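Novice: model the following, please.
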Amino acid sequence: MKNSQDFGSVVLVGAGPGAADLLTVRAVRALAAADVVVHDGLVGAEVMALIPATARCIDVSKRRARHTVPQHEIGALLVAQAQAGHNVVRLKGGDPFIFGRGGEEVDDCCAAGVPVTVVPGISAANGAAASLLLPLTHRDHASIVSFVAGECRGLAAQNWAGLAGKGRTLVIYMGVAGAGAIADKLMADGLAPDAPVAVVERATQAGERLVTSLLADLAGLVDREAIASPALIIVGDVAALPAARAMAKDETCRVF
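Specialist: Numbering: from 1, shown residues only. Next up, the predicted model:
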């Protein structure tokens, strides 16, 4: 059996929302030292361009209803590559520990005795907020912010009461495909149909787009505008702020 001292290592790196200049210095250094890069499909092209030509890239992209590599196999792949003596970077869109399954991959490495570290990344919510001048908290509008995964099992059975409403901001990841069910769920749990919503597509990347409307129109908005992932849904009074600012500056912003 191979001694753990002969192992390489695994570094889970948050690639942020897409723009390469939002990477941390530590993330850039980890990429520069990588022998193998196991990457998601949501990693921006600018970030992918930073991977050394000498590194071997392994694409484990996931798409809705089509997982090219099951999660347990990704963990096994990271372990196997590290046990072969490679410096492995697991490159993830956003942050590894915010809907990135980083905890599962850390567990796999620890169970196998493989050295593992995590480099945090700017989560999509933070990237979108900064890019669009959209504060997720605001003294006049919201003192609480919640992150939820919109693509999850048993959505109807979950209790979302209190996640959104007066003084609160709700940020929904992976919610575009289920926008109608999400809107129905929020309204059934007490949120007003006229609550402001913003949908941000490709935050911080080329082609970034913001559209805004009301909660009752969320599914129609996504359909009319042909919104595609990666995209975030933001619900709450702060969702109305960037629209007003964009119109004041005569910038491109679709308001319904």
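Novice: please enumerate the helices of the stretch 151-256 of the chain.
Specialist: For the stretch 151-256 of the chain, the helices defined by DSSP state H, counting those that start in this stretch occupy 179-188, 218-224, 241-248.
Novice: turn those helices into CSV, including distance to C57 and mean neighbour count.
Specialist: Every C-beta, even on glycine, is put in place using the N, C-alpha and C of the backbone. Formatted as CSV, these follow (distance: least, Cβ to Cβ, whole Å; neighbours: other Cβ atoms under 10 Å):
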stretch, distance to C57, mean neighbour count
helix 179-188, 33, 19
helix 218-224, 32, 19
helix 241-248, 35, 16
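Novice: among those helices, which gets the worst mean confidence?
Specialist: With a mean of 60, helix 241-248 has the lowest mean pLDDT of the helices of the stretch 151-256 of the chain.
Novice: so what's the residue lying closest to A195 once chain neighbours are set aside up against?
Specialist: Leaving out its chain neighbours, the residue that sits closest to A195 by Cβ to Cβ, 6 or more residues apart in numbering is L215, at 4.3 Å. Going by Cβ atoms under 8 Å, 6 or more residues apart in numbering, L215 touches A183, L186, M187, L191, A192, P193, D194, A195, P196, V197, V235.
Novice: how about H141: what's its closest non-neighbour residue?
Specialist: Closest to H141 by Cβ to Cβ, 6+ apart is D237, at 4.2 Å.
Novice: again, but for R168
Specialist: Nearest to R168 is I144, by Cβ to Cβ, 6+ apart, at 4.6 Å.
Novice: ok, which of the helices of the stretch 151-256 of the chain comes nearest A164?
Specialist: A164 sits nearest to helix 179-188 of all those, at 6.0 Å, using Cβ to Cβ.
Novice: now the helices of the stretch 151-256 of the chain in a markdown table, with distance to T137?
Specialist: Below are these laid out as a markdown table (distance: least, Cβ to Cβ, whole Å):
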| stretch | distance to T137 |
| --- | --- |
| helix 179-188 | 19 |
| helix 218-224 | 22 |
| helix 241-248 | 12 |
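Novice: what's around the residue nearest to H141, how many residues?
Specialist: The tally of other residues near D237 (other Cβ atoms under 10 Å) stands at 17.
Novice: also V89?
Specialist: V89: 28 neighbours (other Cβ under 10 Å).
Novice: can you confirm it is in a strand?
Specialist: Yes - V89: assigned to a strand according to DSSP: H, G, I helix; E, B strand; the rest coil.
Novice: residues of stretch 161-175 that come out buried?
Specialist: Buried positions in stretch 161-175, judged by neighbour count with 16 or more other Cβ atoms under 10 Å: L163, A164, G165, R168, T169, L170, V171, I172, Y173, M174, G175.
Novice: do the same with stretch 125-140
Specialist: A125, N126, G127, A128, A129, A130, S131, L132, L134, P135, L136, H138.
Novice: tell me the helix or strand right after the helix or strand that the third one is a member of.
Specialist: When elements are defined using DSSP states H and E, G127 is found to belong to helix 124-131. Tracing the chain C-terminally past helix 124-131 and defining elements by DSSP H and E, one meets strand 142-149 next.
Novice: what's in contact with that next one?
Specialist: Counting by Cβ under 8 Å, 6+ apart, 98-99, 123, 125, 135-137, 160, 163-164, 167-175, 236-238 sit against strand 142-149.
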